[in-house]
Every structure is written in structure tokens, then in C-alpha cells.
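S.K.: Here is a sequence with its predicted model. Questions after.
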Amino acid sequence: MTERTDCTLLLSDVHLCEERPAQVERFLSVLQGPARAAGQLFILGDLFEYWVGDDDCAAPLPGRVLEALAALSRTGTRISLLHGNRDFLIGPAFASAAGLTLIEDPVCVNLQGTATILMHGDLLCTDDTSYLAFRAQVRNPAWQASFLAQPLAARHQQARGATAESGRAKQEKSLEIMDVTEDAVTAVFRQFGADRMIHGHTHRPGRHTHHVDGRTCTRWVLPDWYGPGGYLRVDAGAVQAVDFSA
């Protein structure tokens with residue numbers, strides 16, 4: 001039996017899909033190993049490469065992931081998930097079956113005694129105006145209702161097309177445009193009055209220091225799983241980046 005601790009694990013941008021089976025197995029091994037020893041797990045968006053609606057839960061890959069999350073929840077690990085730019089249609093049916101809680105983006109939580117802002121991170125990329133316009137469109141309830149009313153096969157086709165288009169668009173943008181802006185980061189730190197932030201989305205993992213109104217604030221960026229992947233482990237006294245390539 002895995003010995004449980006009071007640590008917290010945080011990960012994002014896993015981008016699970018059938019085309020990358022090693023990535024799927026790596027994620028499931030985290031759920032069956034380190035996450036079972038943790039008090040809580042936060043998934044900060046883009047768990048799946050794309051998500052077309054909770055009525056797709058019976059498909060092989062979503063079914064395996066859902067069952068693994070539910071099994072982890074039954075061990076006592078608390079699981080929370082916020083939406084990313086690829087899986088924003090994950091809804092209450094998936095959350096209930098997986099035994100997890102959907103949380104807002106951004107949200108400020110007490111993480112091992114420290115107020116910590118959790119985000120997916122896309123809202124911080126304010127120079128990427130074309131993406132933010134797309135985000136506003138697909139987060140509109142009317143757009144979502146129209147999309148979800150289509151047959152499942154049609155939704156999959158559209159999602160694959162949108163994913164391919166997103167990849168082409170990124171090739172035409174500079175890394176600076178797709179990264180966070182200092183003004184956006186400062187505004188969120190001011191909004192919540194916290195000194196620590198954790199997010200994903202940019203696929204540029206690291207630890208950054210920001211000075212906000214006389215406070216020294218720390219911003220951790222989670223790695224994506226297109227490569228080896230990894231996660232953060234937070235204890236009462238430390239934040240540890242776990243890199244699978246190490």
C-alpha cells in the first residue's frame with residue numbers, strides 16, 4: 001500500500017491522445033503511483049489533446065483515463081481540474097464519473113500554507129490577440145451549445161481540424177507573442193494579493209520572480225507532456241519540479 005503524505009501534485013498540458021500511447025501510460029503511472037501518495041492533485045488544463053463533449057466518455061482512451069482518475073479519487077486523493085484551451089468542454093458528467101472537482105480559472109487556493117494562484121495560463125498571453133479572440137468565441141455558451149448539438153463524428157472532425165490549424169498558426173507567431181506578458185502577470189498577482197502563481201499553457205517550464213508593489217512573487221510554469229513531461233510537487237516547505245527526463 002502506498003503511504004500517503006500531505007503533499008500536493010500539480011500538472012498540466014498532458015495532451016492525451018491515441019496517437020501518443022507512451023504519454024498515456026506515463027500519465028496513468030503517475031495516477032497509480034505518486035498521486036496516490038499525495039493529498040491532492042491539480043490538473044491545470046489541457047488534460048486531453050481535445051475534448052468534444054462528455055458523451056464521448058465511453059471511447060477507449062477517455063474511458064481508461066476516467067477509470068484511473070476515479071480509482072485515484074477512491075483512495076482519498078482530492079482531484080481538481082480547471083479547463084485549458086483544448087479541453088474546455090469537459091463538463092459535470094465527466095467530473096462526477098471521475099470523482100473530481102471542476103474549478104475556476106484563475107483561482108487562489110491555500111496550498112500547503114501559502115496562498116497560490118492557479119491558472120491554465122492562456123489568459124496571461126495578452127499579446128496573442130488572435131488566440132484570445134478564438135478563446136472568447138469557444139467559451140461562449142451559445143457557441144458551445146451549437147457545437148455539442150452536432151453528431152459526435154462531426155465534432156471529432158472539427159476538433160482535429162482546429163488542432164491542426166492551431167499548430168500551423170503557432171509556426172507563424174513568435175515565442176514572445178505566445179508567452180505571458182508582465183502586465184498580465186502583475187495584474188493577477190494584484191487581483192488576489194498572493195505571492196505565488198502556478199500555471200501551464202506556454203510549454204516553457206521554469207521558475208520566475210516578479211516584483212509587485214514591493215512584494216517578491218514567484219511564478220512557476222508547468223511543463224507540457226509532448227516531450228518527457230513532469231509535474232510540481234509542493235510540500236509545506238518546498239516546491240520541487242519533477243522532470244521525467246532527469
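M.R.: Arrived safely, thanks for sending.
S.K.: Any idea which residue is closest to the centre of this structure?
M.R.: Closest to where the C-alpha atoms of the chain average out (Cα atoms, centre = their mean) is residue 45, at 2.0 Å.
S.K.: list the contacts for that residue?
M.R.: Counting by Cβ atoms under 8 Å, 6 or more residues apart in numbering, residue 45 makes contact with 12-13, 81-87, 105, 120-122, 200-201. Every residue, glycine included, has its C-beta placed from N, CA and C.
S.K.: same thing with residue 47?
M.R.: Contact analysis of residue 47 by Cβ under 8 Å, 6+ apart lists 14, 16, 65, 81, 84, 87, 90.
S.K.: ok, now residue 236?
M.R.: Counting by Cβ under 8 Å, 6+ apart, residue 236 touches 6, 112, 113.
S.K.: Who wins on neighbours among those?
M.R.: Among these, residue 112 has the most neighbours (other Cβ atoms under 10 Å), with 17 neighbours.
S.K.: Nearest spatial neighbour of it, chain-adjacent residues omitted?
M.R.: What sits nearest to residue 112 in space, not counting adjacent residues and going by Cβ to Cβ, 6 or more residues apart in numbering, is residue 236, at 4.7 Å.
S.K.: residue ranges for the helices of this structure, please.
M.R.: Here the chain has its helices, by DSSP state H, at 21-32, 60-75, 92-98, 129-138, 141-148, 152-171, 175-178, 182-192.
S.K.: Check those for me: which has the lowest mean pLDDT.
M.R.: Mean pLDDT values for these show the minimum at helix 175-178, a mean of 69.
S.K.: Just give me the neighbour total for residue 111.
M.R.: By other Cβ under 10 Å, 21 other residues sit near residue 111.
S.K.: Tell me how far it lies from residue 39.
M.R.: 11 Å (Cβ to Cβ, to the nearest Å).
S.K.: Next: residue 106.
M.R.: Residue 106 is 22 Å from residue 39, by Cβ to Cβ.
S.K.: related to what we said a few turns ago, which of the contacts of residue 45 count as buried?
M.R.: Among the contacts of residue 45, those buried by neighbour count (16 or more other Cβ atoms under 10 Å) are 12-13, 81-87, 105, 120-122, 200-201.
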